[in-house]
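S.K.: Have a look; sequence and predicted model below, questions after that.
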Amino acid sequence: MRRTTLAAVCLAASAAVGLSACGTESAGSGGSGTAKEKTAKEAPKKEAGPFPGLSGPDIVDKAVRATTDASSLRVKGRVPDEAGTIELDMAFDTKGRCAGTMGMGGEGSLDLITTASTVYMKYDEEFLRAQGKGEPAADTQAAVDMLAGRWVKTAATGADAKDIASFCDLDVLLGEFKDVNSAARRGKPTTVDGTPALTLTESDGADRYTLYVATEGKPYLLKVVNETAKTPESLAFSEFDEPVDATPPTGDVMDIDKLAG
């Protein structure tokens, strides 16, 4: 399962790409006119719509602060990775708890629950067979027979679980969002899943990102989309400050630490 562990770590950086592009924007000035005309040009123009008087970078700063101050949130979407496309629907909090589903390149999925002390995972058969490519068929079948559709658990401090436990810490996940240098441009008002939002656009080389920031309540970052990427990226953020249901599974839960001896 090493590939999935590393992919989870890569996601933390990938999720922030849309907010880390840097650059400059400039607006020319000059020309001539009467004193009255110059005064009119220099006077601040009252903007209609959300975030009046704020530039794109100002709005991104507000969104980053609001989002990184959240005690919990849900992330849903897909992000390219060297090993394939990460697909996830996960809820995280700042206490190291997370719960949800992850997949890799359409090759099955795993359910993941992490508490402060324990990581719980449940793999489907397709996922296990994809992870077993290149391995002896008998070994892959043995893994499927033992693990498919069954919860397993391991200590969050174990060598094979540290990366996942770190990934499930919201402070770590959003760490790359802080100290951004944005050159975003304001766009048009819209909605994201019924929530009023403002679009902003940002470029990073050939990639063009669209950011969606909530315009009612706290200015949370609601969505980041990169449609110019070879594999389109999209991450949606929701359920801010809501409790994360990381209730440990019950019943047939296999302790893989005991199996390792």
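M.R.: Looks like it arrived, so ask away. Numbers count the residues shown, from 1 in each chain.

S.K.: Does Phe167 touch Ala161 like I think?
M.R.: No: with contact defined as CB atoms under 8 Å, Phe167 does not reach Ala161; the gap is 10.3 Å. Bear in mind the C-beta positions are built from the backbone N, C-alpha and C, glycine included.

S.K.: Quickly find the element holding Arg129.
M.R.: According to DSSP states H and E, Arg129 maps onto helix 125-131.

S.K.: And the following helix or strand past that helix, what's buried?
M.R.: Counting by DSSP H and E, the next helix or strand C-terminal to helix 125-131 is helix 137-147. The neighbour-count check on helix 137-147 (16 or more other CB atoms under 10 Å) flags Thr140, Ala143, Val144, Leu147 as buried.

S.K.: what pLDDT, on average, does helix 137-147 get?
M.R.: Mean per-residue pLDDT for helix 137-147: 91.

S.K.: got the angle for the following helix or strand past it vs helix 137-147?
M.R.: Using DSSP H and E, the helix or strand that follows helix 137-147 in sequence is strand 151-155. Strand 151-155 and helix 137-147 are oriented at 90 degrees to each other (axes from the mean of the first three to the mean of the last three CA atoms, to 10 degrees).

S.K.: which other helices and strands contact the next helix or strand after strand 151-155?
M.R.: The helix or strand immediately downstream of strand 151-155 is helix 162-167, counting by DSSP H and E. In terms of contacts (3 or more CB pairs under 8 Å, 6 or more residues apart in numbering; DSSP states H and E), helix 162-167 is packed against helix 2-14, strand 109-114.

S.K.: in the next helix or strand after helix 162-167, what counts as buried?
M.R.: Once helix 162-167 ends, the next helix or strand along the chain (criterion: DSSP H and E) is helix 170-173. Within helix 170-173, the residues scored as buried using 16+ other CB under 10 Å are Leu170, Val172, Leu173.
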